[in-house]
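A.B. asks: Using only what follows, build the 3D model:
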Amino acid sequence: MTSSALEFEGRLKSLENRITQSPFYDPIAMPDFALWSAGARIIPAFTSPTYRTSQPKSWFQGLFTSRMQTEWRFPEVAISPGLDAGNCWPMNGSSGAIGISLARDISPQSITIEHVPRHLSLDSRSAPKHLEVWSPVLDGMSDETMTTFDFPDFLAQLGYSPTDAKQRFVFLSEMFYNVLSVDHIQNFPLQQQFSRVPVIIIVVKSNWGNENFTCLYRVRVHGALYPNGVALT
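C.D. replies: Numbers count the residues shown, from 1 in each chain. Alright, predicted model coming up:
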């Protein structure tokens, strides 16, 4: 190989590295059925409170604390595009849940979790770490092999008691988001799949060390449309 060919190959490799390391690079080429603008909606009954900072006691104190306010960041931020540092939904505490009514009934196949790239993050400790995927058992999900649960642990975190349990739930998968990875957008195939799932609950079991809040930048849900089972890729 000539020196000019080697130089050209080196430039292509350098360009490829710059593209893949860009915060705007998106390796997930699949439709997102949890996208707010496509019709997905947050289910408050299955969603943890938003982290809120204490209000300033005076206007003067507010001059120095206004930058910390998080009231504008609703859970809908977690199902909308955007990876600017701080543009996340700050879920209260290091564990909790977000319930999503999907834009379409699907057979879910994988979940994508996004966090701001580590080299651009102001605090990587707020990234989710251990996550689970659940769904309430609804019409059309019946399966003789389905193992259901009356009162999963996350319901207690949301403030419910066993006497409130009027809905059964099915466990779909477990995920571990690695904030140390060079890939800040990580996709996780589901361990269990069902033909029709209109609601997904993402449960955060732990984060990377921030006890006050967990930042969810974006959650995506991918799968095949119900009832024809066409996988959209």
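
A.B. asks: Which positions in stretch 149-167 come out as buried?
C.D. replies: Residues 151-152, 154-155, 157-158, 160 are the ones in stretch 149-167 that count as buried (16 or more other CB atoms under 10 Å). C-beta here means a position set from N, CA and C on the backbone, and glycine is covered the same way.

A.B. asks: do stretch 203-217 as well
C.D. replies: Buried residues in stretch 203-217, defined by neighbour count with 16+ other CB under 10 Å: 203-205, 207-208, 210, 213-217.

A.B. asks: same question, stretch 110-128
C.D. replies: By neighbour count on 16+ other CB under 10 Å, the buried set for stretch 110-128 is 110-117, 121, 124-128.

A.B. asks: longest strand in this structure, by residue count?
C.D. replies: Counting residues, the longest strand found in the chain (DSSP state E) is strand 96-114.

A.B. asks: and after that strand, which helix or strand comes next?
C.D. replies: strand 128-136 (DSSP states H and E).

A.B. asks: Contacts made by that next one with the rest, please.
C.D. replies: Strand 128-136 has contacts (CB atoms under 8 Å, 6 or more residues apart in numbering) with 46, 108, 111, 113, 115, 141, 152, 154, 167-177, 179, 190, 194, 197, 199-208, 214-216.

A.B. asks: gap between that strand and the chain center?
C.D. replies: 9 Å (CA atoms, centre = their mean, to the nearest Å).

A.B. asks: Over to stretch 156-166?
C.D. replies: 23 Å.

A.B. asks: C-terminal to the helix or strand of the chain with the lowest mean pLDDT, what's the next element?
C.D. replies: Least confident element among the helices and strands of the chain, by mean pLDDT, DSSP states H and E: helix 59-65 (a mean of 52). Following helix 59-65 in sequence order, the next helix or strand is strand 89-92 (DSSP H and E).

A.B. asks: now for that following strand, which elements pack on it?
C.D. replies: Other helices and strands packing on strand 89-92, by 3 or more CB pairs under 8 Å, 6 or more residues apart in numbering; DSSP states H and E, are strand 213-216.

A.B. asks: Mind checking the pLDDT average for the strand it packs on?
C.D. replies: The average pLDDT within strand 213-216 is 96.

A.B. asks: Who are the packing partners of that strand?
C.D. replies: Using 3+ CB pairs under 8 Å, 6+ apart: strand 213-216 touches strand 89-92, strand 128-136, strand 197-207.

A.B. asks: Just after that strand, pick out the following helix or strand.
C.D. replies: strand 218-225.

A.B. asks: mind checking how far that next one is from the chain centre?
C.D. replies: With CA atoms, centre = their mean, you get 10 Å for strand 218-225.
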